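In: Dropping the sequence and predicted coords here.
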Amino acid sequence: MIYRFKEYIQRKLDNLKRSNLKDVKIEGITKRWLINIIGVIAVILVAAFITASVGIKGYYYNTAENIVSSGASESAVKYFKNNIDSGYSLESSAADYVNSYPYKNRTTLWIIDNDGNVILSSSGFKIEKQDMPDYNEAMTKNGGLSKFIGKAQNGEKIMAVCRAITDSNGIEIGAIRVMTVIDEIDDQLHTISFIMAVAFIFVMGIIYYSNRFFIRSIITPVKEINDATTLIASGNLDVRIEKQYNDEIGDLADSINTMATEIAAADKMKNDFISTISHELRTPLTSIKGWGETLTLGNQDNVDELTKKGLQVIVKEASRLEGFVEELLDFSRLQSGRMTLRLTKTDVLAELLDTLFTFTERAVREGYNVKYNIPETPSVTNADPNRLKQVFMNILDNALKYSRPGSSIFVKAEFIKEEEKDFAKIVIVDQGCGISAEDLPHVKEKFYKANMSVRGSGIGLAVTSEIVNLHGGKLDIDSVEGKGTMVSIFLPVDEILEQSEE
């Protein structure tokens, strides 16, 4: 019966796994709940089932044994002993005893002599000599009483009690054997066990489905909360959780919604501040840089060397601050979703070459080697040329910042096909400090800096990645700490023009 219950539970679990939306998966808290609660209840019910089965069987068997034992009681033996002492034979005493025996319709009574022959039966039929284990034991056992449960010679299951008959000197002269068929009792016990098993399975089914409903009322909201908090953590502050219950889970949903609203408000305030301060800084920086360049390029015959050097520092630092302000503005546009592209027919590799021309001059001046292999094949696509140059310059600038003078920077471009679409693949490799395996997954996140010793805001790669994504491309970064970094830029191209031979 326990095996059938296990099969039933397994079928229900399999059906649950194949169920549609809103069903609870058998994993995590659900699995632990079902194992702990259903398992404990199942063990208790199985123990109760076994105890009840044993108790009911014991009750029926004890009742049958009491009836059988009453026919072979000590008073019966005393009756035969007194008759024999009074001169009556075993056969005549047996006839009188059988005639007065009250349980003829429920049991069978045999009077057996010392040789194992049934001299009289309450059924009235002649009984052939047969194997009687309880008789053999009663005739040899001290006390002269034996019980037997087993198959009779005709195949029926019986319960028998046999008691030896002795005379006044204690010598066995025969035995009384009382029997009853217990096949019907066993059938009744099987019926009762079946009814109890059905009730057991029914109760387990109710418990299982009620627990599944209860689990669903907990797990589904918790899963929705988990999904929402994951989206909030990834930057989607517009996510809100639907409150389904007025309980602790509902209160948690309200708290998370309130938290998301406050974070969104704080984030908007931060973005507004960054946008405002960036615009406020841009105007004076432009003036400082412009006047610095004007004074530097003007007549400097009467200007001392210290002043000249100071003007150069002013122009250089103003340019650096101007670049930082532009990054902040781009970040503000990125955060508010206002970053847009001014698309026009653009040659991707031509823009890369223009950027390299400007960058190489600076790199050589600072002591770096730049080697590149760029196809001269025109690659036309709809793109924002200024944003593409910004992408290339940001990656090249990072390669410069994280490398030591004397090292090399390699740039290679080629055309590839992915999913039946043409891409320009641009690979930029440096021999710098590299990025650790722990930092690598986060370098494209906003404000994340793997190396705090190098100047920078930590938003350049985030903006660069977003610009590439807006162009329908992707940005991959691979790095080995202490050896260098490889950045791969994939940009879709609409048309690759073969150069004509002159």
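Out: Thanks, I have the structure now. Numbers count the residues shown, from 1 in each chain.
In: contacts and neighbour counts: CA atoms only from here.
Out: OK.
In: Need the mean per-residue confidence for stretch 39-53.
Out: Per-region confidence: stretch 39-53 scores 85 on mean pLDDT.
In: what's the distance between residue 463 and residue 59?
Out: 84 Å (Cα to Cα, to the nearest Å).
In: next one: residue 93
Out: Residue 93 sits 34 Å away from residue 59, going by Cα to Cα.
In: neighbour-wise, which of these two wins?
Out: Between residue 93 and residue 59, counted using other Cα atoms under 10 Å, residue 93 has the larger neighbour count: 17 against 12.
In: State the three-state secondary structure for the more buried one.
Out: Secondary structure, DSSP: H, G, I helix; E, B strand; the rest coil: residue 93 is helix.
In: the strands in the stretch 1-150 of the chain, which residues?
Out: With DSSP state E, counting those that start in this stretch as the criterion, the stretch 1-150 of the chain has strands at 108-113, 118-121, 145-151.
In: Could you single out the most deeply buried of the ones you listed?
Out: Per residue and on average, the most neighbours among those fall to strand 108-113, with a mean of 24 (mean count of other Cα atoms under 10 Å).
In: Would you mind measuring from the residue of the chain most remote from its centre to residue 80?
Out: Most distant from the centre of the chain: residue 87, at 88.9 Å, with distances by Cα atoms, centre = their mean. Going from residue 87 to residue 80 by Cα to Cα gives 11 Å.
In: And the helices in the stretch 251-400 of the chain?
Out: 305-336, 348-365, 385-401 (DSSP state H, counting those that start in this stretch).
In: Apologies, that question was intended for the stretch 1-150 of the chain.
Out: Counting by DSSP H, counting those that start in this stretch, the helices of the stretch 1-150 of the chain are 2-17, 28-33, 39-71, 74-85, 90-99, 133-140.
In: And the longest one, how far out from the chain middle?
Out: In this case it means helix 39-71. 43 Å (Cα atoms, centre = their mean, to the nearest Å).
In: Any stretches of the stretch 1-150 of the chain with poor pLDDT?
Out: 1-30, 34 (pLDDT under 70).
In: Go again with 90.
Out: Applying pLDDT under 90 to the stretch 1-150 of the chain flags residues 1-50, 52-54, 57-108, 112-116, 118-131, 133-145, 150.
In: Make sure residue 339 is actually in contact with residue 330.
Out: Yes: the pair residue 339 / residue 330 is scored as a contact, 7.0 Å apart, by Cα atoms under 8 Å.
In: Looking at the two, which one has more neighbours?
Out: residue 330 (23 against 16).
In: Give the full set of residues in contact with the more buried one.
Out: 339, 463 (Cα atoms under 8 Å, 6 or more residues apart in numbering).
In: If we use 10 Å, what do you get?
Out: 275, 278, 324, 336, 338-340, 459-460, 462-464, 467 (Cα atoms under 10 Å, 6 or more residues apart in numbering).
In: mind checking how far it is from residue 111?
Out: Per Cα to Cα, residue 330 is found 113 Å from residue 111.
In: if we can go back for a sec, now, of the contacts of residue 330, which are buried?
Out: Applying a neighbour-count criterion of 16 or more other Cα atoms under 10 Å, the buried members of the contacts of residue 330 are 275, 278, 324, 339, 459, 460, 462, 463, 464, 467.
In: okay, among the residues you listed, which ones form the most distant pair?
Out: 278 and 467 (19.7 Å; Cα to Cα).
In: Quick one: the strands of the stretch 1-150 of the chain as TSV, columns for distance to residue 491 too.
Out: Below are those laid out as TSV (distance: least, Cα to Cα, whole Å):
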stretch	distance to residue 491
strand 108-113	101
strand 118-121	107
strand 145-151	89
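In: and residue 417, helix, strand or coil?
Out: Using three-state DSSP, the structure places residue 417 in strand.
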